[in-house]
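In: Need a 3D model of the following:
(one chain, ligands or ions: 1)
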Amino acid sequence: MSVSKNKFVQRALSLTDDDLQALCEAADAAILDGGGFGWVQPQGRQVLERYFRGLLLVPERMLFVVRLKGEIVGCAQLVRPPRNNECQAMCITLMHLFVAPYARNRGLGGALLHEVENAARSMGFRVMNMDVPDTQTAAISLFQKAGFLHWGTHPHFARMGDQTVSGLFFTKLLDTVRSAPAEPSFSSQVETPDMIAPTASSRPLTLYPAIDLKDGACVRLRRGEMDDATVYSDDPAAQARAWCDAGFKWLHAVDLNGAFAGQSANAPAVRAILEASTVPMQLGGGLRDMKAIASWLEAGVTRVILGSVAVKNPALVKEACRAFPGRIVAGIDARSGHVATEGWAEVSDMQATELALRMQDAGVAAIIFTEISRDGMLDGLDIDQTVTLANTVSVPVIASGGVGNLDHLAALRKAADDTPGIEGVIVGRALYDGRVSPAEALKVLA
Ligand code: AMZ
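Out: The predicted structure is shown next:
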């Protein structure tokens, strides 16, 4: 079971026998209350058990459960569409959201919907679609309150007993900001229309401010050399808060000692950042096995970055992508096109583009591309290599290494207009030195 910051709602990766029983009971009650999962009559426990166990095995489906006093009383599913073109890659479908009748009127449905939306956002989805029979009045009112737009009606959507019922189709544009975890007092947290992000056509690039951790402090290196570190803050939590307050929508954290050691070495600092931050965070450095990956994702990290294992253990990346769809990112760090590992101390024979294709096949949600010779040097990004990479794969590419001023960001913005695969940029030293102000940078990338 994966833990989210919302204490009522969790993404379920497995179910204990007790959880399964409670879930089946809640589902039976919801079916008796007017239909659910397409069933009008309860199907018997075995059928439901098989259904829930089965759906945990389908990588395209994610199950979220909501609890009351520890017991599961409802659930929802997110279903990822086949990503065979850029348009579909933006949309995710919400299915079978329900709270059992005996647990209603406590805001649990709202909390569930809120968390599911946040999960979809953190995976990069921009649109959530769903449909519902028009008999489900409680669900319909929940979706309307949460800002879903009713865009169509199907007159022959479903059969309920001997009746044909209409179906209502809803959609919602997701903003890219993860809002605070919902407590069951949902009505005050319904998003207002002005929080909805611009449409996809304006496609703002995401700026990921870097928090690189060395010996518990926030540093910036030049070309990845540990001996060439500038210490910017010995309070990573305060730094994280400052970047959140500055308006950044994501944080990019790297455990530098971890990248060299092959295991996390700045865990207290990372936990302090998680605690202080109000936006999603991606974390890399030293994550080399499933246990480390799972434990950081369960601790609240939204996406983990895998660098060395991308080269040395691609099977692990694949396994992680299946277990945590949308939450694994490949970090491809290259010197003159050749991929480096182990804190960039080793350079492999592999070309960045070849690794990018392999990582796309493994199922990563994004690729971060760093040209090492530019990292920390403030001379500008390697835009040509970034564009080549983004045109080679169909997963989003985040540029990194070399931003020194606003013109460098403007150049990436321009390149991204012709290269839809470029999704964002990581900025470190230029922000810490004040060469780039957060507000101006966000404006240039918007
Ligand atoms: O600066 C460095 N020497 C450095 C660095 N920034 N070495 C590794 N890293 C980052 C990569 C990636 O985000 O950019 O660490 C991550 C990869 O770590 P690992 O342990 O998976 O190779």
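In: which ones are touching the residue positioned nearest the centre of the chain?
Out: Nearest to the mean C-alpha position of the chain, by Cα atoms, centre = their mean, lies Ser122 at 2.6 Å. Going by Cβ atoms under 8 Å, 6 or more residues apart in numbering, Ser122 touches Arg178, Pro280, Thr302, Arg303, Gly326, Arg327. For glycine as for every other residue, the C-beta is placed from the backbone atoms N, C-alpha and C.
In: was I right about the fourth one contacting Ile293?
Out: Think Arg303. No. Look at Arg303 against Ile293 with Cβ atoms under 8 Å: they stay out of range, at 10.4 Å.
In: tell me, what's touching these two both at once?
Out: Ile328.
In: Please report how far Ile31 lies from Tyr51.
Out: As for Ile31, its distance to Tyr51 is 11 Å (criterion: Cβ to Cβ, to the nearest Å).
In: So between these two, which is more surrounded?
Out: Ile31 (19 against 15; other Cβ atoms under 10 Å).
In: how far away is that one from Ser233?
Out: Ile31 is 54 Å from Ser233, by Cβ to Cβ.
In: ditto for Glu346
Out: 29 Å.
In: Between the two, tell me which one has more neighbours.
Out: Using other Cβ under 10 Å as the criterion, Glu346 and Ser233 rank with Ser233 on top: 15 against 12.
In: tell me which residues form a beta bridge with that one?
Out: Cys218 (DSSP bridges).
In: OK, contacts around it?
Out: Per Cβ under 8 Å, 6+ apart, neighbours of Ser233: Ala217, Cys218, Gln239.
In: mind running it again at 10 Å?
Out: Residues near Ser233 by Cβ atoms under 10 Å, 6 or more residues apart in numbering: Ile211, Ala217, Cys218, Val219, Gln239, Ala240, Ala242, Tyr432.
In: Can you tell me, leaving aside adjacent residues, what's nearest to the last one?
Out: In space, and not counting its chain neighbours, Tyr432 is closest to Tyr232: 4.5 Å by Cβ to Cβ, 6 or more residues apart in numbering.
In: from what I can see that neighbour touches Leu213, true?
Out: No. Tyr232 is not in contact with Leu213 according to Cβ atoms under 10 Å; the separation is 11.0 Å.
In: Which one's more surrounded, those two?
Out: Between Tyr232 and Leu213, counted using other Cβ under 10 Å, the more crowded position is Leu213 (26 against 17).
In: how close does the residue nearest to the more buried one when sequence neighbours are not counted sit to Val219?
Out: In space, Leu213 comes closest to Asn266 once its chain neighbours are excluded; the distance is 4.0 Å by Cβ to Cβ, 6+ apart. Look at Asn266 and Val219: by Cβ to Cβ, they are 11 Å apart.
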